[in-house]
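**Q** Show me how the following folds:
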Amino acid sequence: MSMSMLRPQIILLKEGTDSSQGIPQLISNINACQIVADAVRTTLGPRGMDKLIADDRGKTTISNDGATIMKLLNIVHPAAKTLVDIAKSQDAEVGDGTTSVVLIAAQFLKEVKSFIEERVHPQVIIRSFRKACQLAVTRINEISVGVQKSDPQEQRDMLERCAATALSSKLVASHKEFFSKMVVDAVSALGERLPLNMIGIKKIQGGAMEDSRIIAGVAFKKTFSYAGFEMQPKKYLDPKIAMLNIELELKSERSNAEIRIDNVEEYQKVVDAEWSILYDKLEKLHLSGAKVILSKLPIGDVATQYFADRDLFCAGRVVEDDMKRTQMACGGAIQTTVNHMTEEDLGSCGTFLEEQIGGDRYNIFTGCPNAKTCTLILRGGAEQFIEETERSLHDAIMIVRRAMKNDAVVAGGGAIEMELSKYLRDYSRTIAGKEQLLIGAMAKALEIIPRQLCENAGFDATNILNKLRQKHARGEMWYGVDINSEDIADNFISSVWEPAVVKINVLTAATEAACLILSVDETIKNPQSTNPADPNPGPGRGRGRGRGRGRPF
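**A** Reported below is the predicted structural model:
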């Protein structure tokens, strides 16, 4: 009897662990990524469809933003989650191109699936992909068109076109001229470092989309107020602003508190002490010279009436984000005590007023001296529609910020992808070996963007792609899909512009994701609990009646 037959079986993994390896599981991972890409495929471009997603709490979201859809899909497949991650990273880094990055990554994998089946080693494919990505990025930098920063009008036109291109595939595409101007104004109002948190977005239901407006300052919804509030002035010029983290109201006694007193006079002293502490705080605020008093904590009815009698404005329970923006814009500091308040502790602004917008009243600070800030007031019908408008504007704001920092642009509408495809295909013919086929496969995969744009608009994709290949072969590099005329056009002349950095990020992120999935040769899944609600799954959790491992028989 041979020794191998006597050797005991070695068990490394927990019983029930699912382990798959080799080519079949790699193909399985590629197929999973295809299914994820199919979920967002139809949202690409100006004629892209929207997705309606209902979560487990019944909240519905209507969106065609790739990153939003990917987050809400709640994908559990380990390899497909990689595509969710690149969509999120694209959204965080440049704001737009989230659908493109998922489509391109999935198409890269689809094109090399046949090579995997024919036993081409994944590392050979990864090496070729990385080389092709490097070539494509170099090519984008070569052909991208710089915009003169010295000419403010030319730069503004470029930013508006980039914003309009980003908005053209969104739900608000019919108002892209209106919103692109608003977005450029918002980003231009920021300081040199373009901090995103200095743009506040407030959503008010009702009214038309054209009623949306930009306020060059801070605006937030009127907080809860007590009697006496209506007697306070609602407009000030050059007011001093006190920002507090103090409660200005009489506190109710604690239920378990105990005070032992012998007579009524002592009780009166306790009550008087409480009132004198409150009035002392209010008097110090009045004497500080502040005309507008904001607090994160409640301001009670006594304080409200006190301020109204002295022509001061107050607002309690101000949201922390709004308070921080007000502090950064108006200067001063958020105080935790009213003692020793100085001029430096107070903020200031050009004008403060309270204004009715839709069904709500808003406190508006304009002419803020310290930081550059602005607030976008969005109007519209349904709640989901306003939320999608906010997501769309976020993408456009990110694009404009990127375009301001990196002023090189390329033509959109599939033009740059077709040019890169032609460039890589021409390059692949100059080299020998498997690399030639693999770089050629990557070149073919890039055609997915113009092809999908055509399919989503209901055009004949094959016919339009043939026309584009012919134009690009003649050296007319900016020709792309023209959605309006169901044909091709020079998208640079048509002002379909995108920042070059967006396309570079899409390519590098898609290549990295494809390489990551190709480099995985084994997937190991731990056994799941039989009862998902049980936080501590495992054997032996019964009361001693089970057999062996506590499994039911």
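**Q** Could you list the low-pLDDT ranges of the stretch 401-550 of the chain?
**A** By pLDDT under 70, the low-scoring segments of the stretch 401-550 of the chain are 527-550.
**Q** one more time with 90, if that's ok
**A** Where the stretch 401-550 of the chain drops to pLDDT under 90, the residues are 401-409, 412-413, 431-434, 475, 483-486, 492, 494-499, 501-502, 519-550.
**Q** Could you list the low-pLDDT ranges of the stretch 1-150 of the chain?
**A** Using pLDDT under 90, the stretch 1-150 of the chain drops low at 1-29, 39, 45-51, 53-98, 119, 145-150.
**Q** Apply 50 and report the result again.
**A** 1 (pLDDT under 50).
**Q** now the strands: where do they sit in it?
**A** 18-21, 51-54, 60-63, 145-146 (DSSP state E, counting those that start in this stretch).
**Q** Tell me which of these lies nearest to residue 138.
**A** Residue 138 lies closest, by Cβ to Cβ, to one member of the strands of the stretch 1-150 of the chain: strand 145-146, at 16.0 Å. Using the backbone N, CA and C atoms, a C-beta is placed for each residue, glycine as well.
**Q** Burial check on residue 142, number of neighbours?
**A** Residues lying near residue 142 (other Cβ atoms under 10 Å) number 8.
**Q** any idea how far it lies from residue 408?
**A** Computed with Cβ to Cβ, to the nearest Å, the distance linking residue 142 and residue 408 is 11 Å.
**Q** One more: residue 430?
**A** 27 Å.
**Q** Report whether the expected contact of residue 70 with residue 88 is present.
**A** Yes. Using Cβ atoms under 8 Å, residue 70 is in contact with residue 88, at 7.2 Å.
**Q** These two - which one has more neighbours?
**A** residue 70 (25 against 15).
**Q** Of all the strands of the stretch 1-150 of the chain, which one is nearest residue 515?
**A** Across those, closest to residue 515 is strand 18-21 (Cβ to Cβ), at 18.6 Å.
**Q** Residue 430 and residue 408: which is more packed in?
**A** In this view residue 430 and residue 408 are compared by other Cβ under 10 Å, and residue 408 has more residues nearby, 16 against 8.
**Q** What's opposite the more buried one in the beta bridge?
**A** Residue 408 has these beta-bridge partners by DSSP bridges: residue 146.
**Q** Please report how far it lies from residue 100.
**A** 18 Å.
**Q** next one: residue 120
**A** 27 Å.
**Q** Between these two, which is the more surrounded one?
**A** Taking other Cβ under 10 Å, residue 120 and residue 100 do not tie; residue 100 has more neighbours (29 against 16).
**Q** How about that one, nearest residue that isn't a chain neighbour?
**A** In this structure, residue 100 finds its nearest non-sequential neighbour in residue 506, 5.2 Å apart by Cβ to Cβ, 6 or more residues apart in numbering.
**Q** Endpoints of stretch 114-126, how far apart?
**A** Its start and end residues considered, stretch 114-126 measures 15 Å (Cα to Cα, to the nearest Å).
**Q** which of the residues in it are buried?
**A** 115, 116, 120, 122, 124, 125, 126 (16 or more other Cβ atoms under 10 Å).
**Q** Turn the residues you listed into CSV, columns for distance to residue 200.
**A** Listed next are the buried residues of stretch 114-126 as CSV, based on distance: Cβ to Cβ, whole Å:
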residue, distance to residue 200
115, 51
116, 49
120, 53
122, 48
124, 51
125, 47
126, 44
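**Q** Nearest to residue 462 among the residues you listed?
**A** Out of the buried residues of stretch 114-126, the member with the shortest distance to residue 462 (by Cβ to Cβ) is residue 115, at 24.1 Å.
**Q** what's near enough to touch the closest one?
**A** Residue 115 makes contact with 125, 434, 437, 438, 441, according to Cβ atoms under 8 Å, 6 or more residues apart in numbering.
**Q** Relative to residue 156, which of those residues is nearest.
**A** Closest to residue 156, out of all of these and judged by Cβ to Cβ, is residue 441, at 41.5 Å.
**Q** ok, that closest one to residue 113 distance?
**A** 10 Å.
**Q** These two: which is more packed in?
**A** With neighbours defined as other Cβ under 10 Å, residue 441 and residue 113 compare such that residue 441 has more, 23 against 15.
**Q** Near residue 356, how many other residues are there?
**A** 9.
**Q** ditto for residue 188
**A** Residue 188 has 16 neighbouring residues, counting by other Cβ under 10 Å.
**Q** And it, what's its pLDDT?
**A** If you check residue 188, the pLDDT there is 85.
**Q** how far away is it from residue 408?
**A** Counting by Cβ to Cβ - residue 188 and residue 408 are separated by 19 Å.
**Q** Okay, helices next: where are they in the stretch 151-300 of the chain?
**A** 152-167, 176-188, 264-287 (DSSP state H, counting those that start in this stretch).
**Q** Please state the mean pLDDT value computed over the first one.
**A** When pLDDT is averaged along helix 152-167, the result is 86.
**Q** starting at the chain centroid, how far to it?
**A** Centre-to-centre, helix 152-167 and its host chain are 20 Å apart (Cα atoms, centre = their mean, to the nearest Å).
**Q** by contact count, what packs against it?
**A** helix 176-188, helix 383-405, strand 408-411, strand 497-499 (3 or more Cβ pairs under 8 Å, 6 or more residues apart in numbering; DSSP states H and E).
**Q** Point out the most buried one among these.
**A** Stretch with highest mean neighbour count among the helices and strands packed on helix 152-167: strand 497-499 (a mean of 29; mean count of other Cβ atoms under 10 Å).
**Q** can I get the helices and strands packed on helix 152-167 in TSV with distance to residue 205?
**A** As requested, these are exported to TSV (distance: least, Cβ to Cβ, whole Å):
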stretch	distance to residue 205
helix 176-188	18
helix 383-405	6
strand 408-411	36
strand 497-499	32
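**Q** Tell me which of these approaches residue 273 most closely.
**A** Here helix 383-405 is closest among these (Cβ to Cβ), at 48.7 Å.
**Q** Do I have it right that residue 149 meets residue 155?
**A** Yes. Using Cβ under 8 Å, residue 149 is in contact with residue 155, at 5.7 Å.
**Q** okay, residue 324: pLDDT?
**A** 87.
**Q** Let me know which of the helices of the stretch 151-300 of the chain is the nearest to residue 373.
**A** helix 176-188 (9.6 Å).
**Q** Would it be right to say that residue 311 lies in a helix?
**A** No. Assigned with DSSP: H, G, I helix; E, B strand; the rest coil, residue 311 falls outside any helix and is coil.
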